[in-house]
Every structure is written in C-alpha cells, then in structure tokens.
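[1] one predicted model, sequence on top.
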Amino acid sequence: MKSTRQVVGIFLSTCLLPFIFLQSVQAQGSCRNPNQNQGQCLSIYDCQSLLSLVQQTFVTSEDRNFLRNSQCTNGVGRQPHVCCTNDRSYGPQDTTSTAPPVTPANPGQQGQEGQQGQGNLLPSPPKCGPHSFSNKVYNGNDTAIDEFTWMALLEYVDRRGRRELSCGGSLINSRYVLTAAHCVIGDVEKAVGRLTTVRLGEYDTSKDIDCVDGICNLPVIEMGIEQATVHPQYDPNDRNRVHDIALLRLDRPVTLNEYIQPVCLPLVSTRMAINIGELLVVSGWGRTTTARKSTIKQRLDLPVNDHDSCARKFAMRNIQLISSQLCVGGEFYRDSCDGDSGGPLMRRAYDQAWYQEGVVSFGNRCGLEGWPGVYTRVSDYIDWILETIRP
C-alpha cells in the first residue's frame with residue numbers, strides 16, 4: 001500500500017491524536033509548555049525530550065495530553081512544532097526545565113550503542129528501527145517518505161563510466177551497510193559494473209528533493225565505500241548461494257537525521273522466533289509488474305514459508321537450501337525481484353522497533369506461484385557481523 005507523511009498529530013499508532021484546540025500563540029521562538037516553563041518552539045524532531053516520549057511503546061493518556069498541549073506555533077524547523085524543554089510530563093521534573101540545546105546527531109554516538117561486551121557497535125531501540133511518523137495511506141505499494149529510513153541503494157559504474165543503481169542494502173550503524181554478497185562480487189561485476197557508492201536517504205530516484213503533501217525530505221547523501229567484506233564462506237560460483245551476505249564500510253560516518261536511521265538487528269538480547277505464516281516486509285526499488293525498476297521505494301508484506309517444504313521445492317532445480325536461508329512469499333505476482341537484491345526483509349518485533357530478519361538473495365524468477373523467495377537469515381550471522389565491524 002502506498003502511504004505518505006503528513007504529520008499532523010501525535011504520531012505512533014498507539015497515540016495518534018490530532019493537535020486541536022491548542023496552546024495560545026507565543027512570540028516566535030519563545031513559548032511556555034503545559035507546566036508554564038519557558039522553552040523554545042521547535043520541530044518535535046529536534047526536541048529529544050518529547051520525541052523520546054512519542055517513541056515509547058506505551059503512551060498513557062496523561063502523556064498524550066501533555067504532548068497535545070505542548071504544541072506551539074511560529075516554531076523553527078519541520079512541523080509539528082512543540083514547546084521544547086526538558087519536561088516530559090506534568091508537574092515538577094527531575095531535571096531543569098530550560099530548553100535543551102538543539103545539536104546535530106553525533107554519528108559516532110548514535111551508531112555505537114548495542115550489546116555490552118560486543119564492541120557496542122550495533123544500536124538497540126530506540127536508536128534503531130524507528131516507525132514512520134505518518135498515518136496517511138495511498139493506493140499501491142509505495143512506502144511513506146520517512147518509512148524504512150535505513151534503506152540504501154548501491155551504485156555501480158560500468159566500463160564506459162556509466163552509473164547505474166542496482167542492488168539495495170540497509171544501514172546498520174553510522175559506518176556500515178548490510179547487503180548481499182552477490183551484490184559485491186561475481187556476475188554483478190560483469191553485468192552491472194564496479195560497486196562504487198552507497199546512496200542513503202533516498203525515496204524517489206527521479207527527483208533531487210522528494211516532497212509528498214508538502215513534507216520534504218533532506219537531500220540524498222552519497223557515500224564512498226572504504227571496504228567491502230563478503231562472508232568468507234560465500235562462493236559466487238555456487239548455485240545454492242549460501243552465506244549470501246556482505247558488509248560495506250562507508251568511507252566516513254554518516255550524519256543521522258530523521259530520514260537516515262539504522263535498522264535494528266536481531267541480537268541475542270532482542271531475538272524472537274520467526275513463525276510460519278507470519279508476515280514480514282520486504283522493501284526496495286526493484287522490478288514491478290509494469291516497469292524494470294520502480295523510481296519510488298516500495299514495500300510488500302509476505303508470509304514466511306515452511307523451510308522443509310521450500311527446500312524440497314528448490315531441490316527440484318538442484319538447489320540445496322540450508323537452515324540459514326529463509327523462505328518467504330510464493331504468491332502469484334507478489335515477490336521481491338530484480339534490483340531488490342541485498343535489501344532487507346523486516347518486521348516489527350522486540351520493543352516495537354523494526355528489525356532486519358533477512359537479506360534478499362534469490363528466487364526462481366519473480367512472483368511465480370508456489371516458488372518462495374530465498375533470503376539470508378540475518379540472525380545466523382550476528383556473530384560474524386560483530387566480529388567484522390569496527391569503529
């Protein structure tokens with residue numbers, strides 16, 4: 001389904017209430033919050049105290065009222081605007097009520113938080129897998145403009161110097177993108193070209209700046225690749241395509257913003273079982289029923305298949321699947337396809353954040369009924385990821 005971002009209320013599905021009958025207008029930039037403490041009228045995206053309240057798994061009715069009554073006008077930045085202080089609720093607070101400074105996200109901090117003792121290089125909720133802030137739905141399969149903000153596009157250059165966007169990937173911290181090994185080495189080098197660049201913050205590849213209903217994202221960021229690391233057991237000549245996973249180290253830390261955030265990975269502390277029939281989400285800019293590529297980021301909900309049945313199906317084509325491969329889909333005309341390779345297979349799981357459960361690997365053509373797509377199971381490669389990434 002196609003959805004876009006028109007942020008006119010308090011955002012999570014658990015607390016989507018429109019801002020109505022609001023606080024009186026204050027002088028531009030200056031305001032008083034519901035506790036009558038003076039603050040700055042800012043975009044909620046720049047006010048960490050209230051943004052963190054919105055992102056909680058459960059928001060009480062009192063919290064909703066505080067958020068609603070915190071709105072102000074004549075603010076700075078993207079709407080909606082709130083009177084920003086350190087207050088997160090009614091009444092006296094533990095911290096001072098002066099407005100917190102607005103500073104850009106520090107990529108070295110936001111991308112370094114994860115399990116203790118594991119290098120602290122993979123983020124955990126709420127610093128990964130954020131929800132979309134929009135509640136408007138259109139027709140079709142287009143994502144919203146701020147949905148799946150970890151999605152990456154890989155760019156290649158052929159022998160003639162022509163640039164082409166082909167595979168996908170996902171940002172897992174401020175320095176690394178997770179993708180498929182076959183997007184890095186093997187046939188892709190001959191068929192498409194040499195992998196050179198990672199594009200982040202993309203939505204509509206046909207436009208320089210993407211706007212939907214007056215909401216515009218920030219300019220796309222293009223990052224060079226300092227190092228590409230393919231799983232050591234991946235063999236590009238093996239038709240089974242086992243261990244089809246790779247890491248791309250960006251040439252510099254990416255500055256995170258509301259349109260560029262990392263996805264969560266299923267660490268031991270947050271991992272949940274994947275059940276047969278459960279719907280997972282795949283996203284990318286790959287082939288559709290009407291075009292070789294989509295210019296707009298797409299999403300598709302697909303059911304998990306029984307692994308043994310899927311393995312028997314692919315054995316008919318002399319392809320031997322292993323347990324670290326996940327079968328999803330198999331419905332007519334509903335599948336990941338050319339150009340989606342390397343992209344994430346996702347679900348909302350622990351703490352209601354988005355987790356990447358799979359990497360798009362291969363299938364028997366696209367959208368053939370009874371033939372699921374095959375994905376690399378990310379949870380089986382967490383140890384390798386943690387051993388490979390570095391600050």
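    Received it, and whenever you're ready, just let me know what you need.

[2] identify the bridge partners of residue 154.
    Beta-bridge partners for residue 154, by DSSP bridges, are residue 198.

[3] likewise residue 348?
    Here residue 348 sits in beta bridges with residue 354, going by DSSP bridges.

[4] and the gap between residue 218 and residue 261?
    Using C-beta to C-beta, to the nearest Å, we find residue 218 at a distance of 12 Å from residue 261. C-betas here are computed from N, CA, C, even on glycine.

[5] likewise residue 175?
    Taking C-beta to C-beta as the measure, residue 175 falls 14 Å from residue 261.

[6] contacting residues around residue 343?
    Counting by C-beta atoms under 8 Å, 6 or more residues apart in numbering, residue 343 makes contact with 151, 167-170, 179, 282-284, 286, 336, 359-360.

[7] identify the spatial nearest neighbour of it, chain neighbours not counted.
    Distance criterion C-beta to C-beta, 6 or more residues apart in numbering; nearest residue to residue 343, sequence neighbours excluded, is residue 168 at 3.2 Å.

[8] kindly report the same for residue 351.
    Per C-beta to C-beta, 6+ apart, closest to residue 351 is residue 125, 4.2 Å.

[9] name the element that neighbour belongs to?
    Element membership of residue 125, judged by DSSP states H and E, is empty: it is in no helix or strand.

[10] so it makes contact with residue 354?
    No. Between residue 125 and residue 354 no contact is recorded; they are 9.2 Å apart, counting by C-beta atoms under 8 Å.

[11] what touches both of those two?
    The overlap between the contact sets of residue 125 and residue 354 (C-beta under 8 Å, 6+ apart) consists of residue 264.

[12] so which of these two has more stuff around it?
    Between residue 125 and residue 354, counted using other C-beta atoms under 10 Å, residue 354 has the larger neighbour count: 26 against 18.

[13] distance of the more buried one from residue 128?
    The spacing between residue 354 and residue 128, counted by C-beta to C-beta, is 8 Å.

[14] now do the shared contacts for the two.
    Listed contacts common to residue 354 and residue 128 are 150, 263-264; contacts here mean C-beta under 8 Å, 6+ apart.

[15] filter the residues you listed to the buried ones?
    150, 263-264 (16 or more other C-beta atoms under 10 Å).

[16] got those residues as CSV, with secondary structure columns?
    Formatted as CSV, those follow (DSSP: H, G, I helix; E, B strand; the rest coil):
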residue, secondary structure
150, coil
263, coil
264, strand
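
[17] tell me, how many neighbours does residue 84 end up with?
    One way to gauge burial is a neighbour count; for residue 84, by other C-beta under 10 Å, it gives 27.

[18] for residue 91, same thing?
    Residues lying near residue 91 (other C-beta under 10 Å) number 9.

[19] and it, what helix or strand is that in?
    Since the elements are taken from DSSP H and E, residue 91 ends up inside neither a helix nor a strand.

[20] quick one: it from residue 36, how far?
    Noted for residue 91: a distance of 11 Å to residue 36, by C-beta to C-beta.

[21] repeat for residue 220
    From residue 220 over to residue 36 (counting by C-beta to C-beta), the distance is 42 Å.

[22] more neighbours, these two?
    A count of neighbours by other C-beta under 10 Å puts residue 220 above the other of residue 220 and residue 36, at 19 against 7.

[23] in contact with the more buried one: list those residues for me.
    Taking C-beta under 8 Å, 6+ apart as the contact definition, residue 220 lies against 199-202, 208.

[24] just residue 323 next, same as before
    Under the criterion of C-beta under 8 Å, 6+ apart, the neighbours of residue 323 are 307, 377, 380.

[25] and the pLDDT for residue 360?
    For residue 360, the pLDDT comes out at 93.

[26] all helices of the stretch 151-300 of the chain, in order?
    Counting by DSSP state H, counting those that start in this stretch, the stretch 151-300 of the chain has helices at residues 187-191.

[27] in the stretch 151-300 of the chain, where is pLDDT below threshold?
    With pLDDT under 70 as the threshold, the stretch 151-300 of the chain has low-confidence stretches at 286-293.

[28] can I take it that residue 385 is in a strand?
    No. Counting by three-state DSSP, residue 385 is not found in a strand; it is helix.
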